[in-house]
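J.: show me the folded form of this:
(one chain, ligands or ions: 2)
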Amino acid sequence: MIKAEQKPFEEILEYLAPYNKILLSGCGACVTVCHAGGEKDGALLASALRMARQKIGKPLEIIESTPARQCEPEFAQELADTVGQVQAVLSVSCGVGVQTLARNFPATQIFPGVNTLFMGETVAHGVWEERCQACGDCILEKTAGICPIARCAKQLLNGPCGGSSNGKCEIKRETDCAWQLIFDRSKALGQLHRLTEIIPAKQWGVQSRDSGPRRIVREDLKV
Ligand code: SF4
Ligand code: SF4
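T.: Residues are numbered from 1 along each chain as shown. Ligands and ions are numbered 1, 2, ... in the order given. Okay, here's the model as predicted:
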């Protein structure tokens, strides 16, 4: 799932300064799971904002709403009446949700309340790690289910780089070397021979970010 964290409180306060009535829109999906912007965390942020503004004698009225998924236009549209009653929206969804609101409500200023970080996995309660960079040409079948693009600091397709030491990455010593993990798991699976196959350079211009914003069109689903 997409992982995000709340922006610094002072930064949010600063860009809401000109307004006295806003909508704080959460999202019931990814940001709820990582406690950045679901209903509960949105309510905590709203309370903190109200108190901070009360303290400086400039009260802020906040309407709270948390659509199931802010990145889907039909859920975003549920906010239409409320958006019409406020001066601005603080969206505590990922950047996709912010942009969905911006597209659906072109006359309204939409502010991001979180920093969207990565697609990751929950590795322990309250700990999330990056796992996929949506490269558009998955090679996990060749790398024992461990992604070198997301997890190797140099994004090597044929590692390791030579800087790995005691299983840790030379770029960040507290991080496991992705290629050590790939080697260990390949060995445990009896698949070490796979690592002798050279993974060719990706055609980054085809379905990667380097070719501009990507698009999926399913003709069978269009109405
Ligand atoms: S190889 Fe590409 S699609 Fe597969 S997990 Fe890594 S970044 Fe994601
Ligand atoms: S030490 Fe491992 S994870 Fe770090 S850059 Fe080299 S191959 Fe990649």
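
J.: next secondary structure element downstream of the longest helix belonging to the chain?
T.: Secondary structure assigned by DSSP state H gives helix 39-55 as the longest helix of the chain. Moving toward the C-terminus from helix 39-55, the next helix or strand (DSSP states H and E) is strand 61-65.

J.: can you list the strands that that next one pairs with?
T.: strand 21-25 (parallel) (DSSP bridges).

J.: does Asn115 sit in a helix or strand, and which one?
T.: strand 114-124.

J.: where exactly do the helices run in the chain?
T.: With DSSP H applied, the chain shows helices at 9-16, 30-33, 39-55, 73-77, 80-83, 95-104, 148-151, 178-188, 204-207, listed in chain order.

J.: of all those helices, which one is nearest ligand 1?
T.: helix 148-151 (4.1 Å; CB to the nearest ligand atom). C-beta here means a position set from N, CA and C on the backbone, and glycine is covered the same way.

J.: now the closest one, how far from the chain's geometric center?
T.: 16 Å (CA atoms, centre = their mean, to the nearest Å).

J.: could you do stretch 144-159 as well?
T.: Mean-position distance between stretch 144-159 and its chain equals 19 Å (CA atoms, centre = their mean).

J.: does it reach ligand 1?
T.: Yes - Stretch 144-159 lies within reach of ligand 1 by CB under 6 Å from any ligand atom, at 147, 149-150.

J.: enumerate the residues of this structure near ligand 1.
T.: So far as CB under 6 Å from any ligand atom goes, the chain lies against ligand 1 at 132-135, 138-140, 147, 149-150.

J.: JSON lines please, covering these and showing pLDDT.
T.: Output for these, formatted as JSON lines (pLDDT from 0 to 100):
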{"residue": "Cys132", "pLDDT": "97"}
{"residue": "Gln133", "pLDDT": "94"}
{"residue": "Ala134", "pLDDT": "92"}
{"residue": "Cys135", "pLDDT": "90"}
{"residue": "Cys138", "pLDDT": "93"}
{"residue": "Ile139", "pLDDT": "95"}
{"residue": "Leu140", "pLDDT": "97"}
{"residue": "Cys147", "pLDDT": "98"}
{"residue": "Ile149", "pLDDT": "96"}
{"residue": "Ala150", "pLDDT": "97"}
